[in-house]
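In: Show me the folded form of this:
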Amino acid sequence: MRADIQRLLQTEGSEEVLSKLLLRKLSQQQTWEDSEKVKARKTELKECFDLYQRNHNFVVGQLVRWKSGLKNRKRPAYGEPVIVVEVLPEPVHDPTEEAGSAYFREHLTVVLGLLDIDGDFVLFHFDSRRFEPVT
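Out: Numbering: from 1, shown residues only. Coordinates of the predicted model:
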């Protein structure tokens, strides 16, 4: 593709080159029309939303884990149990996250404890709607 770009730059202005490249890229992108892949994605999206909406009343000392499809942090791993250390009376928000971040205005409603790679007990704030009790 670099040769194509160089050839276009030699024969046309940079604005025309950018326009042609953008149109070429857009025409190559996969469309999200009613294909089987889209239908499967819609189903998966609905299932994740339904799980997210299902609330649990956690208590201090309870073991919890990520709900399927709702993990948004590196730790804990899927299936890894963590312990509820504190249920916050009001959600807190991380003021350092910007609007373009997936964590912007995330409701942090629970403090969970887990063992880090060294076996140390560490605490993190999470959105409790992403977790379920360990049975």
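In: only C-alpha atoms for contact and neighbour calcs from this point on.
Out: Fine.
In: so what pLDDT did the residue nearest the centre of the chain get?
Out: With distances taken as Cα atoms, centre = their mean, residue 72 lies nearest the centre of the chain, 4.4 Å away. pLDDT, residue 72: 93.
In: Assign a three-state SS to it, would you?
Out: coil (DSSP: H, G, I helix; E, B strand; the rest coil).
In: ok, now residue 24?
Out: Applying three-state DSSP: residue 24 is helix.
In: number of nearby residues for it?
Out: Using other Cα atoms under 10 Å, residue 24 has 11 neighbouring residues.
In: who's in contact with the residue lying closest to residue 116 once chain neighbours are set aside?
Out: Leaving aside its chain neighbours, residue 116 sits nearest to residue 122 (6.6 Å; criterion: Cα to Cα, 6 or more residues apart in numbering). Residues near residue 122 by Cα atoms under 8 Å, 6 or more residues apart in numbering: 113-116.
In: Format these as a markdown table; extra columns: pLDDT and neighbour count.
Out: Converted to a markdown table, these look like this (pLDDT from 0 to 100; neighbours: other Cα atoms under 10 Å):
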| residue | pLDDT | neighbour count |
| --- | --- | --- |
| 113 | 98 | 21 |
| 114 | 97 | 19 |
| 115 | 96 | 16 |
| 116 | 93 | 12 |
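In: which one of those residues sits closest to residue 39?
Out: Ranked by distance to residue 39 (Cα to Cα), the contacts of residue 122 are led by residue 114 at 37.1 Å.
In: Report the strands that pair with the lengthiest strand in the chain, each with its relative direction.
Out: Taking DSSP state E as the criterion, the chain has its longest strand at strand 82-92. Strands that pair with strand 82-92, judged by DSSP bridges, come out as strand 63-66 (antiparallel), strand 108-115 (antiparallel).
In: So which bits of it are buried?
Out: 82-87, 91-92 (16 or more other Cα atoms under 10 Å).
In: Relative to the whole chain's centre, how far out is it?
Out: Relative to its chain's centre, strand 82-92 lies at 20 Å (Cα atoms, centre = their mean, to the nearest Å).
In: For that strand, give me every contacting residue.
Out: Contacts for strand 82-92 (Cα under 8 Å, 6+ apart): 58-65, 76, 107-114, 123.
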